[in-house]
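sequence first, then the predicted structure:
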There are 2 protein chains.
Amino acid sequence: MKQMLIDDERLARQIDFLVEIDRLKHVLRRAYLPGTDRNENTAEHSWHLAVAVLVLAEYAAEPVDLARVVCMALIHDIVEIDAGDTFFFDAVGALDKAEREQRAAERLFGLLPPDQADGFRAAWDEFEARQSPEARFASALDRFMPLIHNYLTEGRAWRQHGVRPEQVLAMTTRIDPGAPAIAAAARALVAQAQAAGYFDAVGETAHAS
Amino acid sequence: MKQMLIDDERLARQIDFLVEIDRLKHVLRRAYLPGTDRNENTAEHSWHLAVAVLVLAEYAAEPVDLARVVCMALIHDIVEIDAGDTFFFDAVGALDKAEREQRAAERLFGLLPPDQADGFRAAWDEFEARQSPEARFASALDRFMPLIHNYLTEGRAWRQHGVRPEQVLAMTTRIDPGAPAIAAAARALVAQAQAAGYFDAVGETAHAS
């Protein structure tokens, strides 16, 4: 890749970081985009999640600093550049997920000037820990968004990876702490998806077309 | 597309909006992503721009409400779902761009509950008008980001569309009102790109490989 020569060392580091995270546009998620035959990538997902934070802010379980939630949404997955996307229902991948992502956070945020590296890393750590109202709300919507995609693609990623409705229902309980009304909507969608046969193997029922 | 049945009418409208803007992931821009053979899409671009707002905040020409700048970055291009992406250097497309985008803004933000429709529309109008410090800064970075992609792809989109260095240099003057230091870096990049032959037709010089 071409070297860009920027005199100011601080600005050069900041632009290096922006160039490096461009690669998030090539990290593919399990979800399929409705109306197409391609998977969503993580950069697109992060944009969609950040807009969802703004649109669904009123459903946060507790008062939140919305700017901080949006910041978390924007950077919560950049570690996937090094660590890859680990499917929510992948028990094996989950085993070393935390370690892989910690190393990735170290390297990626470390590209920034130290003061900014610390700030973004703190936001990422906060998101991962899911202890603050902001992190719980960001995390709740992060879990809700794939449900929309799966519903609109008639459960395509669920079927492809053998995900069962019980697993998705269990996942929705992790939406409750951040956004209970969204968790309720999620459960309603799972019930509709189940009734429509979206969890059935292709050919198993007439609905799973 | 499958109808999702969500009892709460307000939440149903908000989710309809989020489903509709999913289509921004399929709107292609002129810029090519470094290291690949595909164009950037507008959803990815909006994510990258929003992160750039956070990372480059210190270069805003005036004090800005950063949360508002990020909001503008996230929604500034959603009108492209209806109106398509108009290349910055496309004089013909520019003729009816404003009218097409106004109609798109009406329809898309109109999907939201009225109070939110008004709020997001106001942010979009503010971005378009480029009169506030927030809009000028968001707009400055919106103009800077494609320059990075063009530089890193050795001017691929510039050459493909016959863009001349004088045009890009003129564009950089529109970065100055929002972020003068970024405008200066942009001009340095254009000079390097010109020296490296990135504006030359393929085969015109040995540099344009």
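Done, it's in.

quick one: is stretch A:81-89 near chain B?
No: for stretch A:81-89, no contact with chain B is found by Cβ under 8 Å from any Cβ of the partner chain; the gap never falls below 12.4 Å. (Each C-beta comes from the backbone N, C-alpha and C, glycine too.)

okay, buried residues for that stretch please.
Residues of stretch A:81-89 classed as buried by neighbour count (16 or more other Cβ atoms under 10 Å in any protein chain shown): A:81-83, A:85-89.

what of stretch A:177-187?
A:177-179, A:181-187.

re earlier: so can I have a markdown table of the buried residues of stretch A:81-89 showing pLDDT?
Formatted as a markdown table, the buried residues of stretch A:81-89 follow (pLDDT from 0 to 100):
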| residue | pLDDT |
| --- | --- |
| A:81 | 95 |
| A:82 | 93 |
| A:83 | 89 |
| A:85 | 80 |
| A:86 | 77 |
| A:87 | 76 |
| A:88 | 75 |
| A:89 | 76 |
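
run through chain A and note the low-pLDDT ranges.
In the predicted model of chain A, residues A:1-3, A:202-209 satisfy pLDDT under 70.

just checking, next helix/strand downstream of the longest strand seen in it?
Longest strand of chain A, by residue count under DSSP state E: strand A:28-32. Once strand A:28-32 ends, the next helix or strand along the chain (criterion: DSSP states H and E) is strand A:39-41.

tell me how far that following strand lies from the chain's centre.
11 Å (Cα atoms, centre = their mean, to the nearest Å).

need the contact list for the residue lying closest to residue A:20 once chain neighbours are set aside.
Sequence neighbours aside, residue A:111 is the residue nearest to residue A:20 in space, at 5.8 Å (criterion: Cβ to Cβ, 6 or more residues apart in numbering or on different chains). By Cβ atoms under 8 Å, 6 or more residues apart in numbering or on different chains, the contact set of residue A:111 is A:13, A:16-17, A:20, A:117.

how about stretch A:195-202 as CSV, C-alpha atoms only?
Taking Å, rounded to 0.1, in the frame of the first residue of the first chain, the C-alpha atoms of stretch A:195-202 are listed here in CSV:
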residue,chain,number,x,y,z
ALA,A,195,-44.5,-20.0,13.3
ALA,A,196,-43.4,-19.2,9.8
GLY,A,197,-40.9,-22.1,9.8
TYR,A,198,-37.8,-20.0,9.5
PHE,A,199,-35.8,-22.3,11.8
ASP,A,200,-36.8,-25.4,9.9
ALA,A,201,-34.2,-27.1,7.6
VAL,A,202,-34.9,-26.2,4.0
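
and the top helix by length along chain A with strand A:28-32, angle?
The single longest helix within chain A, with elements called by DSSP state H, is helix A:133-152. Helix A:133-152 runs at 50 degrees relative to strand A:28-32, counting by axes from the mean of the first three to the mean of the last three Cα atoms, to 10 degrees.

which stretches of chain A form helices?
Counting by DSSP H, chain A has helices at residues A:9-21, A:42-55, A:66-75, A:80-83, A:91-95, A:97-109, A:114-129, A:133-152, A:156-160, A:165-172, A:180-195.

how far off centre is the longest one?
Taking Cα atoms, centre = their mean, the mean C-alpha location of helix A:133-152 is offset from the chain mean by 7 Å.

just checking, what packs against it?
In terms of contacts (3 or more Cβ pairs under 8 Å, 6 or more residues apart in numbering or on different chains; DSSP states H and E), helix A:133-152 is packed against strand A:28-32, helix A:42-55, helix A:66-75, helix A:114-129, helix A:156-160, helix A:165-172, helix A:180-195, helix B:9-21.

buried stuff in stretch A:5-14?
By neighbour count with 16+ other Cβ under 10 Å, stretch A:5-14 contains the buried residues A:6, A:11, A:13-14.

please tell me how far the residue nearest the centre of chain A sits from chain B.
Computing the C-alpha centroid of chain A and ranking residues by Cα atoms, centre = their mean puts residue A:142 first, at 4.7 Å. Per Cβ to the nearest Cβ, to the nearest Å, residue A:142 is found 13 Å from chain B.

which residues touch that residue?
A:49, A:73, A:76.
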